[in-house]
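*Asks:* need a structure here:
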Amino acid sequence: MRLVVLSIAFLFALAGASRADVTGHWEGAITRLGSAQPISLDIHANPDGMLAGTYDIPELTLYGEPIKDLRSDGKALSIQILYGSFALAMQPGGDEMTAVNAGWNPAVDLHLKRAVATASYEARDSVVPVGGVRIAGTLYLPDRRERVPLVVVVPGSDNGGRKVWELRGYAVALAQNGIAAFVYDKRGVGGSTHVARATFDQYAGDAVAIVDKLRALPGIDPSRVGLLGLSQGGWISIMAARRDPNVRFVVLGSGPSRSVEQQEMDRVEFTLRGRDATRADIDAALAYTRVMYDVAFRGADKALLAASIAGLDPKAAWADVVMGPDPGETTDGVIADLREQRYDPTADLRALRIPVLAFFGTSDTMVPPVRNVAAMEADLAHTHHRVVVIDGASHGLFTGQHLIGGDWKWPAMFWHWDRRAAIVIPSIVSLARTTRFPASP
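*Replies:* Modelled structure (predicted):
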């Protein structure tokens, strides 16, 4: 997902305003030549008198993200959010604020109005023990009295954990739609136990332990518990679902249907294609990557890998795309890493007997649909499933910001703000509520 983030700081004179004037809940929109994206802010004063706050952009499933550079001295206020820095001017009456960021061309406007905050969910931190490991997460519960479905969000290879809004946003969006959701720091990340190295099998065991603990909580319907595996988390979710009969459905967000080795080869090739790399550079990168797996999986002399790594030219057009050793890591360490994450989901996919919903994006170079959809369809042919390919969506299932129509001619041509593809959350909600797919219209 590409977002334009500007770092221009704006200060302004806010006549007669005090910090109390800006605290509270605000709702409005980011606009650009008529194209709007809803946004809300929550601002409060800490005990030390300093302002703090968070903001939501629901279309992105961005919730509770801290506002940066939030400052006020009674006459000046500035905020920095995903779309840059804004100078907010309090309008007469104190119930509206307006700003413009001229660093964009055309400029981006922000208009906010005071509003009453309504809570539709609560968040509870929780720790799940798995052997000697502690998995820290947050359970988002909808404001409902009846028992509700639960979705456990299984993270990918990113090590940001719950602090990353792209992950946390799924849980909030589901809770707002009446579905309990749990998002967690995988082992080695954030509040979870730190480990030097973890295997896919261990990650799958963590997901099973989370399901088994949370399905027993009051307010959770144990017959409607599923996994939402994101990217690498798709593999983990498939492994866990086959292992645990308490998992009643699986959702895959850009989860590969191919082996780890095949997917890595795809990632390297399609990332370089997206850069318009030469065929020679693509072939060189694939040859380098193939050596790694030949040594790790097929008994090739590890001296080949050592020589390949040593000969990698950091100035090569593909050097930043291929895998390499971590700082200080030996060749043996690289081989151990590859072997510990060796996995092919084919057998597990074919063994599943529960509904599976899979999303792919046509702009995804990490898990390209052209290499994954047919295999996914074939491996799930025996069970109820739905594979959705979203035109223009990225690996994170965002549709990207772009100019529709190619010119600034409102209303026929207009700016499209980035958003999580609109089909994603409603489809997950529908599946979680019924653990089956609705009849086709």
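
*Asks:* where does pLDDT dip in this structure?
*Replies:* Residue ranges of the chain with pLDDT under 70: 1-20, 73-76, 436-441.

*Asks:* kindly recompute the last result at 50.
*Replies:* Where the chain drops to pLDDT under 50, the residues are 1-20, 439-441.

*Asks:* can I get the host helix or strand of residue 252 in CSV? Just the C-alpha atoms.
*Replies:* Residue 252 is part of strand 249-253 when elements are defined by DSSP states H and E. What follows is the C-alpha trace of strand 249-253 in CSV, where atoms were taken according to Å, rounded to 0.1, in the frame of the first residue of the first chain:
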residue,chain,number,x,y,z
PHE,A,249,-14.0,-21.8,9.4
VAL,A,250,-10.9,-20.2,7.9
VAL,A,251,-10.4,-16.9,6.1
LEU,A,252,-7.2,-16.4,4.2
GLY,A,253,-6.0,-12.8,3.5
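
*Asks:* can you list the strands that it pairs with?
*Replies:* strand 220-230 (parallel), strand 356-361 (parallel) (DSSP bridges).

*Asks:* so which of these is the most surrounded?
*Replies:* For these, average neighbour numbers computed from mean count of other Cβ atoms under 10 Å are highest in strand 356-361, which has a mean of 25. To be clear about C-beta, it is placed using only N, CA and C from the backbone, and glycine gets the same treatment.

*Asks:* returning to what we had before: return the distance of the strand holding residue 252 from the chain's centre.
*Replies:* The gap between where strand 249-253 is centred and where its chain is centred comes out at 14 Å by Cα atoms, centre = their mean, to the nearest Å.

*Asks:* please report the distance of residue 276 from residue 318.
*Replies:* Here residue 276 is placed at a distance of 12 Å from residue 318 (Cβ to Cβ, to the nearest Å).

*Asks:* same drill for those two, tell me which one is more crowded.
*Replies:* The residue with the greater number of neighbours, taking residue 276 and residue 318 and applying other Cβ atoms under 10 Å, is residue 318; the counts read 23 against 6.

*Asks:* mind jotting down where the strands sit in the stretch 251-400 of the chain?
*Replies:* Taking DSSP state E, counting those that start in this stretch as the criterion, the stretch 251-400 of the chain carries its strands at 356-361, 385-390.

*Asks:* can you list the residues that contact stretch 297-317?
*Replies:* Contacting residues not belonging to stretch 297-317 are listed as 261, 272, 275, 277-278, 281, 284, 288, 291-292, 294-295, 319, 322, 324-325, 331-332, 334-335, 338-339, 342 [Cβ atoms under 8 Å, 6 or more residues apart in numbering].

*Asks:* same deal with stretch 427-434?
*Replies:* Residues from elsewhere that reach stretch 427-434, judged by Cβ under 8 Å, 6+ apart: 149-151, 174, 177-179, 224, 226, 228, 249, 251, 355, 357, 359, 386, 388, 437-438.

*Asks:* now swap in stretch 367-377 and tell me
*Replies:* With Cβ under 8 Å, 6+ apart as the test, stretch 367-377 has contacts from 231, 254-258, 262-263, 266-267, 270, 346, 349, 358, 360-362, 385, 387, 389, 395.

*Asks:* surely residue 343 and residue 262 touch.
*Replies:* No - in this structure, residue 343 is not within contact of residue 262 by Cβ atoms under 8 Å, at 10.6 Å.

*Asks:* looking at those two, which one has more neighbours?
*Replies:* Here residue 343 and residue 262 are set side by side on neighbour count (other Cβ under 10 Å), and the busier one is residue 343, at 21 against 16.

*Asks:* longest helix anywhere in this structure?
*Replies:* helix 279-298 (DSSP state H).

*Asks:* list the buried residues for that helix?
*Replies:* Along helix 279-298, the positions that meet the burial threshold by neighbour count (16 or more other Cβ atoms under 10 Å) are 281-282, 284-286, 288-296.

*Asks:* just the CA atoms of that helix, as PDB, please.
*Replies:* Written as PDB, here are the backbone C-alpha positions of helix 279-298 (Å, rounded to 0.1, in the frame of the first residue of the first chain):
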ATOM      1  CA  ARG A 279      14.900 -10.800 -17.600                       C
ATOM      2  CA  ALA A 280      18.600 -11.300 -16.900                       C
ATOM      3  CA  ASP A 281      18.200  -9.700 -13.400                       C
ATOM      4  CA  ILE A 282      15.100 -11.800 -12.700                       C
ATOM      5  CA  ASP A 283      16.900 -15.000 -13.700                       C
ATOM      6  CA  ALA A 284      19.900 -14.100 -11.600                       C
ATOM      7  CA  ALA A 285      17.700 -13.400  -8.500                       C
ATOM      8  CA  LEU A 286      15.900 -16.700  -9.000                       C
ATOM      9  CA  ALA A 287      19.100 -18.600  -9.500                       C
ATOM     10  CA  TYR A 288      20.500 -17.200  -6.200                       C
ATOM     11  CA  THR A 289      17.300 -18.100  -4.400                       C
ATOM     12  CA  ARG A 290      17.200 -21.600  -5.900                       C
ATOM     13  CA  VAL A 291      20.700 -22.300  -4.500                       C
ATOM     14  CA  MET A 292      19.400 -21.600  -1.000                       C
ATOM     15  CA  TYR A 293      16.700 -24.200  -1.300                       C
ATOM     16  CA  ASP A 294      18.900 -26.700  -3.100                       C
ATOM     17  CA  VAL A 295      21.300 -26.600  -0.100                       C
ATOM     18  CA  ALA A 296      18.600 -26.600   2.600                       C
ATOM     19  CA  PHE A 297      16.200 -29.100   1.100                       C
ATOM     20  CA  ARG A 298      18.000 -31.200  -1.600                       C
END
